[in-house]
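[1] give the three-dimensional model of this entry:
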Amino acid sequence: MQAVTSVSGRAYPWGAKNVDTDVIIPAHWLKTISRVGLGRGAFETVRAQPGNLFDDPRYAGAPILIAGDNFGCGSSREHAAWALADMGVTAVIAPSFSDIFSGNAVKNGIVPVVLPQEAIDRLLETAVDQDVTVDLETMTVTTPYQDRFSFDLDPFRRRCLMEGLDEIGLTLARDTQISNFEGAAASTRPWVEGKRGYEGIAVAGAGRT
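    Numbering: from 1, shown residues only. A predicted model of the protein is given here:
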């Protein structure tokens with residue numbers, strides 16, 4: 001997973017509330033287990049409408065999405081986070097998120113930023129023609145108009161994002177400790193490893209009653 005310390009650029013000033021995962025990526029796109037290409041299906045029903053925000057050239061490739069309350073509700077499909085990441089979104093700013101979506105977002109390198117509605121309203125206004133910056137170092141969202149909004153994020157999730165650690169990365173980060181544990185287990189419990197000399201004991205005792 002790519003490390004994220006800050007995200008800066010254009011932002012989709014959407015603001016829609018209760019956007020569920022079926023809107024983010026419709027169910028017929030879930031037949032794949034690949035994360036590549038799902039961006040084409042992101043917000044498919046919204047993009048079917050003429051003049052929609054996501055096909056507006058002013059926001060092409062925008063790394064930030066500004067949404068309304070309860071973003072990512074509905075099913076737990078991780079494909080929703082995959083689709084957002086594949087279309088280039090690295091941060092979503094909203095007043096609240098579905099818990100499951102928020103977790104899936106972090107696992108896929110997307111920063112879920114929670115701000116009050118007043119801040120969202122200001123960002124929706126500003127993002128029409130200005131860039132927005134999400135900074136994990138300072139835990140702030142800023143604009144060229146000197147707007148500065150502070151947000152909170154679980155320290156563990158923040159660390160995972162800033163160091164680019166998903167579940168596999170977290171496991172590999174403890175490679176030394178895991179190897180040491182397995183080495184100690186092999187010497188103190190050789191029967192677990194099937195060491196020579198213990199197979200015979202197991203076989204000899206198998207027929208006893």
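
[2] could you find the closest non-adjacent residue to residue 160?
    residue 106 (6.0 Å; Cβ to Cβ, 6 or more residues apart in numbering). Glycine gets a C-beta too; all of them are placed from N, C-alpha and C.

[3] for residue 64, that is, sorry about that
    residue 11 (3.7 Å).

[4] ok, now residue 145?
    Nearest to residue 145 is residue 126, by Cβ to Cβ, 6+ apart, at 6.0 Å.

[5] what about residue 108, neighbour count?
    For residue 108, the neighbour count with other Cβ atoms under 10 Å is 20.

[6] now do the contacts for residue 6.
    By Cβ atoms under 8 Å, 6 or more residues apart in numbering, the residues touching residue 6 are 133-137.

[7] how is this structure divided into domains?
    Listed by automatic domain parsing, the domain ranges of the chain are 6-163, 174-206.

[8] what lies in contact with the helix or strand hosting residue 124?
    Per DSSP states H and E, residue 124 falls inside helix 117-126. Here helix 117-126 makes contact (Cβ under 8 Å, 6+ apart) with 11, 13, 15, 66, 68-69, 93-95, 115, 132, 141, 143, 145, 147, 149.

[9] buried residues in that helix?
    119-120, 122-124, 126 (16 or more other Cβ atoms under 10 Å).

[10] immediately after it, which helix or strand?
    Using DSSP H and E, the helix or strand that directly follows helix 117-126 along the chain is strand 132-135.

[11] any idea how far that following strand is from the chain center?
    17 Å (Cα atoms, centre = their mean, to the nearest Å).

[12] contacts made by it with the rest, please.
    5-11, 64, 66, 91, 93, 111, 113, 123, 126, 140-143.

[13] number of nearby residues for residue 155?
    Neighbours around residue 155, by other Cβ under 10 Å: 8.

[14] same thing with the one 5 residues further on?
    If you count neighbours by other Cβ under 10 Å, residue 160 ends up with 21.

[15] pretty sure it sits in a helix.
    Yes. Judged by DSSP: H, G, I helix; E, B strand; the rest coil, residue 160 forms part of a helix.

[16] quick one: which of the domains of the chain has the weakest pLDDT on average?
    If you rank these by mean pLDDT, domain 174-206 sits at the bottom with a mean of 63.

[17] wait, isn't residue 106 in contact with residue 100?
    No. Checked against Cβ atoms under 8 Å, the pair residue 106 and residue 100 is beyond contact range at 11.3 Å.

[18] out of the buried residues of helix 117-126, who's nearest residue 76?
    residue 120 (24.7 Å; Cβ to Cβ).

[19] against residue 134, how distant is the residue nearest the centre of the chain?
    Compute the mean C-alpha point of the chain, and by Cα atoms, centre = their mean the closest residue is residue 105, 2.0 Å away. When distance is defined by Cβ to Cβ, to the nearest Å, residue 105 is 13 Å away from residue 134.

[20] what is in contact with the two at once?
    With Cβ under 8 Å, 6+ apart as the test, residue 105 and residue 134 both reach residue 111.
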